[in-house]
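J.: test case, fold it:
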Amino acid sequence: MTDFSHLDHDQQVARLHALAQDALRHWDGDFVGLELIKYRENAVFCATRSDGTRSALRVHRDGYHSEAELRSELTWMEQLAAGGIGVPQIIRTREGEHLAEVRSAALAEPRYVDMLGWLAGSTLGSAEHGLQTDGDIEALFFQAGAVAARIHLNSAQWRQPNEFTRHAWDEEGLIGANPFWGRYWELDLLTPEQRDLLQQARAQARHDLRRYGRHLHNFGMIHADLVPENLLLDGGKLQLIDFDDAGFGWHMFELATALYFCQDDPRLADIEAALLAGYDSVKPLTAEDRASLPLFLALRGTTYLGWVHTRRNSRTAEELAPMLIERACQLAKAYLASRA
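T.: Here you go, the predicted model:
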């Protein structure tokens with residue numbers, strides 16, 4: 001069987017769809033429809049039952065997360081839901097499990113699959129097109145900041161089970177020898193000047209991260225992907241989807257992620273002020289927290305270059321690479337300038 005990574009986009013989607021169809025037997029219900037709605041790290045399908053009920057079926061990318069890491073993600077989501085934070089419901093299998101390992105003739109390797117309740121509402125935008133909403137943007141980002149703070153407080157108070165395990169957006173995960181998303185400085189699309197700039201920022205960031213420190217009040221479990229397409233607005237209430245990148249990280253990295261795809265928006269200053277004010281209303285920010293924002297924006301930018309570097313044959317990486325490189329360099333320059 002042809003290696004999955006060597007298939008073109010449409011061939012990959014066809015095989016993932018076949019596996020998703022096979023996976024439905026692990027859940028209760030008479031399923032009559034299965035439609036792809038998103039394919040990046042994972043393939044997410046809308047699974048529709050005969051009574052019209054919809055669910056999100058996720059076929060996880062091979063090798064990205066272990067079974068224990070996926071179970072930990074879903075366990076954390078259940079904990080957040082119990083704390084009143086709007087996240088998708090975990091729909092367990094017929095056997096009562098969080099997820100299923102599915103083997104299919106469509107793929108050489110098995111894949112982990114889970115099912116989530118369908119959340120109503122509309123997203124605030126996308127990575128490709130930025131913010132796209134007619135709502136009160138300041139009110140929305142105030143709410144987003146408050147939700148982020150509630151997540152961080154909830155997680156700090158939660159006693160994690162012994163088997164809980166997730167990756168870390170820590171010093172090593174961001175700028176170490178082998179960052180979690182890849183050695184971004186080796187991306188072949190970078191010019192020598194761009195590579196030198198990013199390495200300068202990397203060296204300075206190592207110093208500043210150690211000075212900023214890491215403790216219960218500024219570091220813990222974070223969603224790590226509060227981008228516009230993962231924020232759903234339903235009747236004025238903000239809900240969160242896509243916890244695939246969730247792990248241990250600095251709280252300000254969370255806020256930097258929420259601002260990353262708003263950098264070209266003319267309302268950026270108001271968006272940033274609202275986000276920080278919303279967070280501060282629930283979990284007060286220190287002067288050191290606020291001063292660290294350029295640092296974490298720069299680090300967020302480099303993670304996306306690592307993502308492109310390790311996924312060069314994906315359609316999304318190819319389309320977004322020019323914008324991500326330009327923005328990463330802009331943020332690195334702004335960060336270094338803030339240190340002057």
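J.: averaged pLDDT, whichever strand or helix holds residue 32. What do you get?
T.: Here residue 32, judged by DSSP states H and E, is contained in strand 31-39. Mean pLDDT, strand 31-39: 96.
J.: helices of the chain, residue ranges please.
T.: Along the chain, counting by DSSP state H, helices occupy 9-23, 67-82, 137-157, 171-175, 192-212, 251-260, 268-282, 287-291, 293-310, 315-338.
J.: export the ones you listed to CSV and tack on mean neighbour count, mean pLDDT and distance to residue 50?
T.: Every residue, glycine included, has its C-beta placed from N, CA and C. Shown next, in CSV, are the helices of the chain (neighbours: other CB atoms under 10 Å; pLDDT from 0 to 100; distance: least, CB to CB, whole Å):
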stretch, mean neighbour count, mean pLDDT, distance to residue 50
helix 9-23, 17, 95, 16
helix 67-82, 18, 97, 26
helix 137-157, 20, 96, 35
helix 171-175, 19, 98, 44
helix 192-212, 15, 98, 53
helix 251-260, 24, 98, 39
helix 268-282, 18, 98, 41
helix 287-291, 13, 98, 51
helix 293-310, 24, 97, 39
helix 315-338, 17, 95, 33
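J.: how far away is residue 32 from residue 52?
T.: With distances taken as CB to CB, to the nearest Å, residue 32 is found 9 Å from residue 52.
J.: actually, residue 252.
T.: As for residue 252, its distance to residue 52 is 42 Å (criterion: CB to CB).
J.: what number of residues lie near the residue lying closest to residue 316 once chain neighbours are set aside?
T.: Of all residues not flanking residue 316 in the chain, residue 40 sits nearest, at 5.5 Å (CB to CB, 6 or more residues apart in numbering). As a burial measure, residue 40 scores 17 neighbours (other CB atoms under 10 Å).
J.: cool, and residue 242?
T.: 24.
J.: wait, what's in contact with it?
T.: By CB atoms under 8 Å, 6 or more residues apart in numbering, the residues touching residue 242 are 225, 229-230.
J.: 10 Å instead, please
T.: Going by CB atoms under 10 Å, 6 or more residues apart in numbering, residue 242 touches 38, 40-42, 44, 56, 58, 87-88, 116, 223-227, 229-231.
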